[in-house]
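[1] Sequence first, then the predicted structure:
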Amino acid sequence: MPRMVKIEDVARAAGVSVATVSRVLNEQGHVLPETQEKVRKAADELRYQPNLSARNLRKNESRIILILAPNFSNPYYSNVLAGICDVSRNLGYSTLIYNTYDSNALDQTLVTHLFQKNRADGMITLAINRDDRWLTQIAGKYPLVQCSEYVEDEPIPHISVDNRSAAKESVSMLIAQGHRRIGIVTSANRYLSSANRMRGYLDALEEADIARDESLIAYASADYSFASGKQAARELLSLPEPPSAIFCVSDILALGVIAAAGKMGLQVPWDLSVTGFDDVDYTTMFHPYLTTVSVPCYDLGRRSMQLLYDQIVQKPGAEREVYLPHKVIVRETTAQYAKQQ
């Protein structure tokens, strides 16, 4: 059995001290570039493998990241999780995903218990409520990043898209197509994204001098279920004067609206224009392809893990508020209002 290569062997081969090898391999402190190259070359040639367990004990690290996710089956969250896990693996971290099922079940005691039980180095939350201000106390003790959903006006690192602006762009597009009676299917949850998408919807109406009509606002379930999208659509399309277009705060809800419209004998987009939000895989699985707001789910996951790592290593000047770009993608579920007469 070959002898295990030690850090002293790397130091001897590179002609430097053990402390210098440690600084280079742990990316700590200042070491001249040419010295770094010598150390890495010697480590590669000797096939040196650091003792991660011993290193973690010395640093009081677990190399474990906790992720709080509400619904693994939702394609939005699955794409975000893929981004987190890819970056965490490259950085040498394992991930533990805790299914919260319902964000209302989260509280300070539970989150603190999860940190302490798993000795986690940090946590990423995917579905925190906008009014969960107790999270500030957690963030003061542990590295934490809020991904997608976050607590408004609290100094906790977060990454998202500009949901309000994106919703306004989507509804403004419908208005530009000639629609004036535009419904919205939103959700009865406490996520900031839902609130901001509602705000964006109202911003677009106000800008176009269209009065708010409470009868055109329908609420689906807190988890954006397909069935609740169908039920919300039935409410709107059964009105004496139904909308000619419906903006939905998620793609799953939009697909439910399209299904309900078909059951009621309406053709999308000729009788009804429909837009979604997120651009999950389902949007182009069958015709008509869904007009939607494209959200970079995978990149949200990647960047959230990088933000968390910057906190863990206490990187100077680490970002605390990040908004990734979105894009309104016009497909087959929207059309000019004039064509619907």
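    It's in.
[2] OK, contacts around the most centrally placed residue in the chain?
    When Cα atoms, centre = their mean is applied to the chain, the residue found nearest the centroid is residue 148 (3.7 Å). Taking Cβ atoms under 8 Å, 6 or more residues apart in numbering as the criterion, residue 148 is in contact with 80, 126-127, 159-160, 193, 300. Where you see a C-beta, it was placed from the backbone N, CA and C, and this is true even at glycine.
[3] for the stretch 1-150 of the chain, what spans make up the helices?
    In the stretch 1-150 of the chain, the segments counted as helices under DSSP state H, counting those that start in this stretch are 7-14, 18-25, 33-46, 52-59, 75-90, 108-118, 135-139.
[4] Model confidence score at the closest residue in space to residue 173 that isn't next to it in sequence, please.
    In space, and not counting its chain neighbours, residue 173 is closest to residue 328: 5.9 Å by Cβ to Cβ, 6 or more residues apart in numbering. Looking at residue 328, its pLDDT reads 98.
[5] list the helices and strands the helix or strand harbouring residue 328 packs on?
    Assigning secondary structure by DSSP states H and E places residue 328 in strand 327-329. Applying 3 or more Cβ pairs under 8 Å, 6 or more residues apart in numbering; DSSP states H and E, we find strand 327-329 packed against helix 163-176, strand 292-294.
[6] Report the distance from the shortest one to the chain centre.
    When you say that, I think you mean strand 292-294. Distance of strand 292-294 from the chain centroid (Cα atoms, centre = their mean, to the nearest Å) equals 14 Å.
[7] Same check on the longest one?
    Using Cα atoms, centre = their mean, the mean C-alpha position of helix 163-176 is found 20 Å from that of the whole chain.
[8] Columns distance to residue 221, mean neighbour count and mean pLDDT on top of the helices of the stretch 1-150 of the chain, output as TSV?
    As requested, the helices of the stretch 1-150 of the chain are exported to TSV (distance: least, Cβ to Cβ, whole Å; neighbours: other Cβ atoms under 10 Å; pLDDT from 0 to 100):
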stretch	distance to residue 221	mean neighbour count	mean pLDDT
helix 7-14	56	18	88
helix 18-25	50	18	81
helix 33-46	53	15	87
helix 52-59	42	11	46
helix 75-90	15	19	93
helix 108-118	23	14	84
helix 135-139	24	16	91
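[9] circling back: narrow the contacts of residue 148 to those that are buried.
    For those, a neighbour count by 16 or more other Cβ atoms under 10 Å gives the buried set as 80, 126-127, 159-160, 193, 300.
[10] Of all pairs in the residues you listed, which one is the farthest apart?
    127 and 159 (13.7 Å; Cβ to Cβ).
[11] Can you show me the strands along the stretch 151-300 of the chain?
    158-161, 182-187, 217-220, 245-248, 273-275, 292-294 (DSSP state E, counting those that start in this stretch).
[12] Packing partners of the last one?
    It stands for strand 292-294. If you count contacts as 3+ Cβ pairs under 8 Å, 6+ apart, strand 292-294 packs onto helix 163-176, strand 327-329.
[13] ok, back up a step: given the strand holding residue 328, what are its sheet partners and their directions?
    strand 292-294 (antiparallel) (DSSP bridges).
[14] Report the rounded mean pLDDT for the partner strand.
    Rounded mean pLDDT across strand 292-294 is 98.
[15] Not counting that strand itself, show me its contacts.
    166-167, 169-170, 251, 254, 275-279, 283, 326-329, 331.
[16] Buried only: go through those residues for me.
    166-167, 169-170, 251, 254, 275-279, 283, 326, 328-329, 331.
[17] Which of the residues you listed sits closest to residue 131?
    Distances from residue 131 to the buried ones among the contacts of strand 292-294, taken by Cβ to Cβ, are shortest for residue 167, at 20.1 Å.
[18] ok, now which ones touch the closest residue to that closest one other than its chain neighbours?
    Closest residue to residue 167 apart from its sequence neighbours, by Cβ to Cβ, 6+ apart: residue 200 at 2.7 Å. Contact analysis of residue 200 by Cβ under 8 Å, 6+ apart lists 163-171.
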